[in-house]
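Visitor: Have a look; sequence and predicted model below, questions after that.
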Amino acid sequence: SDPALFELVQREESRQEDNLELIASENIASLAVRQAMETVFTDKYAEGYPGKRYYGGCEVVDEVEKLPIERLCQLYGCEAANVQPHSGASANMAVYFTFLEPGDTLMAMNLAHGGHLTHGSPVNFSGKLYKIAAYGVDPETELIDYDEMHRIALESKPKIIVSGATAYSREFDFKRIKEIADEVGALHMCDMSHYSGLIAAGEYPDPVPHCQVVTSTTHKSIRGPRGGMILGTADAIKLINKTVFPGLQGGPLCHVIAAKAVAFLTHEGFRIVSGGTDSHMMLVDLRPFGVTGKLAQEVLEHANITTNKNAIPNDPESPFVTSGVRLGTPAVTTRGMVEADMSFIAKSIATVLRNHSDEGTLNKVKAEVTDLCRRYPIHKF
Ligand code: PLP
């Protein structure tokens, strides 16, 4: 119905297809994330929070908003979350407005060394409203100088110390920053926007245990829709909720919140022992599915998926029963299966585990698995 816009969409699609995208703050959202954003939730006004809305007809969007919150708490192990911020900048603003008065001191990474605009740039509200104490990198090593950070914190007595950056490729020592924050009575907030996907996958140090508050965009390495989120202790999020609404925003973008839920749905609810894998194998904790390793092995075999039950660390079950299953990819990758096939396999495993007593579902998965195998014959001639 809008040829002019349609033409622009097509041009952008070709641009994205034909270019190598190396902008560190960009990603490619999954089709499921994009589809969630085109749902009817875009039509709904839902000022307030689940169970406490200022509009009627919110019973479905209440459930929509609870989903990403629950998933975030599971994914990052935080006590509470707010998924309403429209962007990363709004998320940071909500935290500052909750815990700072104009004129208070905010400590964050020097913009010239990798900090973000909202970490105290003089042209941004953060630099205009607050006194900024900036920490930075050692001129020799180009790594954050924590002794100097400590000295600046003692001297400037900030109310918040922000860790996280927009152009710092190395690891933050979140534990050390929390110690410095505790010593000077500051709150430690991490802006994990760039690292949030890596943290969720266990590939970057986890700030959550060392912070009262963690903010993030949802569209960078976590690969969700364009937006923001705030994780934290229950006490901190209770205060922040009031700042986000009615303090800063009106109605939440319910369709974007739905897409955030899709992005935080990791591994079909699988908990991988140690939070991830650096190799060809992983150990899956089956307790979230309410099945033992023994049962999982049996029902998966029924669906033509061969695995072995495996004890997980501190397993409450006996070695014969176990709470885990071990999965490895060498054989399927040798057949030529690729990432998309792995997602399909993960989905099939989750379907089997969730419906382990439903013969019909097991047979359906078996037929789909057989079909996949036939597309990748082992003996090609
Ligand atoms: N914080 C950091 C560390 C960022 O890198 C960015 C964006 O690049 C933001 C916040 C702001 O996010 P948004 O553009 O969604 O406001």
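Guide: That came through, no problem.
Visitor: which stretches of the stretch 51-200 of the chain have low pLDDT?
Guide: Within the stretch 51-200 of the chain, the set of residues satisfying pLDDT under 70 is empty.
Visitor: which residues does whatever residue of the stretch 51-200 of the chain ends up closest to the ligand contact?
Guide: The minimum distance from the stretch 51-200 of the chain to the ligand, using Cβ to the nearest ligand atom, falls at Gly88 (2.5 Å). Using the backbone N, CA and C atoms, a C-beta is placed for each residue, glycine as well. Contact analysis of Gly88 by Cβ atoms under 8 Å, 6 or more residues apart in numbering lists 116, 118, 191, 193, 215-217, 228.
Visitor: Let me know the pLDDT of Pro330.
Guide: pLDDT for Pro330: 85.
Visitor: and the residue nearest to it when sequence neighbours are not counted, what does it touch?
Guide: Among residues not flanking Pro330 along the chain, His280 sits closest, at 5.6 Å (Cβ to Cβ, 6 or more residues apart in numbering). His280 makes contact with 328-330, 333 under the criterion Cβ under 8 Å, 6+ apart.
Visitor: ditto for Val352
Guide: Val352 makes contact with 299-300, 302-303, 305, 361-362, 365, according to Cβ under 8 Å, 6+ apart.
Visitor: Among the contacts of Gly88, which ones lie close to the ligand?
Guide: 116, 118, 191, 193, 217, 228 (Cβ under 6 Å from any ligand atom).
Visitor: Can you pull the residues of the stretch 201-350 of the chain lying near the ligand?
Guide: Contact residues, the stretch 201-350 of the chain versus the ligand (Cβ under 6 Å from any ligand atom): 217, 228.
Visitor: and the residue in the stretch 201-350 of the chain that the ligand sits nearest to, how many residues sit next to it?
Guide: As assessed by Cβ to the nearest ligand atom, the ligand sits closest to Thr217 within the stretch 201-350 of the chain, at 4.5 Å. Neighbour count for Thr217, taken as other Cβ atoms under 10 Å: 25.
Visitor: Look up phi and psi at it.
Guide: Dihedral angles of Thr217 (phi, psi; degrees, to the nearest 10) stand at phi -80, psi 160.
Visitor: what's the spacing between it and Ser169?
Guide: In this view, Thr217 and Ser169 are 17 Å apart by Cβ to Cβ, to the nearest Å.
Visitor: Show me what counts as buried in the strand or helix carrying Glu17.
Guide: Counting by DSSP states H and E, the element that carries Glu17 is helix 3-18. Neighbour counts over helix 3-18 (16 or more other Cβ atoms under 10 Å) mark no residue as buried.
Visitor: Packing partners of that helix?
Guide: For helix 3-18, there is no helix or strand it packs on, judged by 3 or more Cβ pairs under 8 Å, 6 or more residues apart in numbering; DSSP states H and E.
Visitor: how far does that helix sit from the chain's center?
Guide: Distance of helix 3-18 from the chain centroid (Cα atoms, centre = their mean, to the nearest Å) equals 29 Å.
Visitor: if we can go back for a sec, not counting sequence-adjacent ones, nearest residue to the residue of the stretch 201-350 of the chain closest to the ligand?
Guide: Closest to Thr217 by Cβ to Cβ, 6+ apart is Gly88, at 3.6 Å.
Visitor: what's the answer for Ser348, then?
Guide: Per Cβ to Cβ, 6+ apart, closest to Ser348 is Val365, 5.1 Å.
Visitor: Report how many residues lie close to the one you found.
Guide: 22.
Visitor: looking at it, it is touching Thr351, isn't it?
Guide: Yes. Using Cβ atoms under 8 Å, Val365 makes contact with Thr351 at a distance of 5.6 Å.
Visitor: Alright, that wraps it up for me.
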